[in-house]
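Engineer: Pasted the sequence and its predicted model underneath.
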Amino acid sequence: LIAESDRNDPATVTPREAGGHGLTAQWCDDIHHALHAALTGEGHGYYADFAAPEALPQTLARAFFHDGRYSGFRGRSHGAPADPGRIPGHRFLAYLQNHDQIGNRAAGDRMAGTATPGLLACGAALVLCSPYTPMVFMGEEWAASAPWPFFASFTDPGLAAGVRAGRRREFAAHGWDEAEVPDPLDPRTRERAVLRWEERESPPHRRTLGTYRELIAL
């Protein structure tokens, strides 16, 4: 069982006999956020907390950046320390991208749209050579250009209208232009998300794929 939790509670992956919940592992968004902020320079929304220079080394060593420290985004202290002497790294999933972190961007743009191929390779090396369990998002391994915007096929008109308005309002609150938000009910939004597999054979994508293969073999 792998928890999708942002509570930064080490009890989630602590064995039951030691007083924890006993899950096998958990996603670790702090690692993602620290990597994203370092590789792209973005500092809006929840990335603001991770612009601190100590965020990346902290997460690479101890998984949680918010280990009881104050979170400006949340407006309160958050989390608890994860002792690497008691909790092995493989109980945390590390990733550069996932469906949430891309889909929760206004245009669903991937990191390849912001970071250079060299920085993407650095990020892949940090994830795949870290003590954590790596997770790779579909197409990430060749720097796929297709976005991953949120799309849906709700048939209820009221629900569809509420989702459209709600997402635009939410993104505007995080500093994005509402005009950048694609209509999640438009079939073309889903069509743009389909992977372009032929990209793997073109030079920039082929080089990234080769880097991922070498790192995984290592």
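Structural biologist: Good, I have the coordinates. Owing to the predicted nature of the structure, the values given are computational and were not obtained by experimental measurement.

Engineer: Now do the closest residue to residue 125 other than its chain neighbours against residue 163, distance only.
Structural biologist: Leaving aside its chain neighbours, residue 125 sits nearest to residue 215 (5.9 Å; criterion: Cβ to Cβ, 6 or more residues apart in numbering). To be clear about C-beta, it is placed using only N, CA and C from the backbone, and glycine gets the same treatment. From residue 215 across to residue 163, the span is 38 Å (Cβ to Cβ, to the nearest Å).

Engineer: ok, now residue 124?
Structural biologist: From residue 124 to residue 163 the distance is 33 Å (Cβ to Cβ).

Engineer: between the two, who's got more neighbours?
Structural biologist: Higher neighbour count among residue 124 and residue 163: residue 124, with 23 against 17, using other Cβ atoms under 10 Å.

Engineer: Need the three-state assignment for the more buried one.
Structural biologist: Following DSSP: H, G, I helix; E, B strand; the rest coil, we place residue 124 in the helix state.

Engineer: Surely it is in contact with residue 211?
Structural biologist: Yes. The pair residue 124 and residue 211 qualifies as a contact (Cβ atoms under 8 Å) at a distance of 6.3 Å.

Engineer: tell me which residues in the longest helix along the chain are buried?
Structural biologist: Across the chain, the longest stretch assigned as helix under DSSP state H is helix 157-173. Within helix 157-173, the residues scored as buried using 16 or more other Cβ atoms under 10 Å are 160, 163-164, 167-168, 171.

Engineer: and what of stretch 122-135?
Structural biologist: Within stretch 122-135, the residues that count as buried by 16+ other Cβ under 10 Å are 122-124, 126-128, 130, 132-135.
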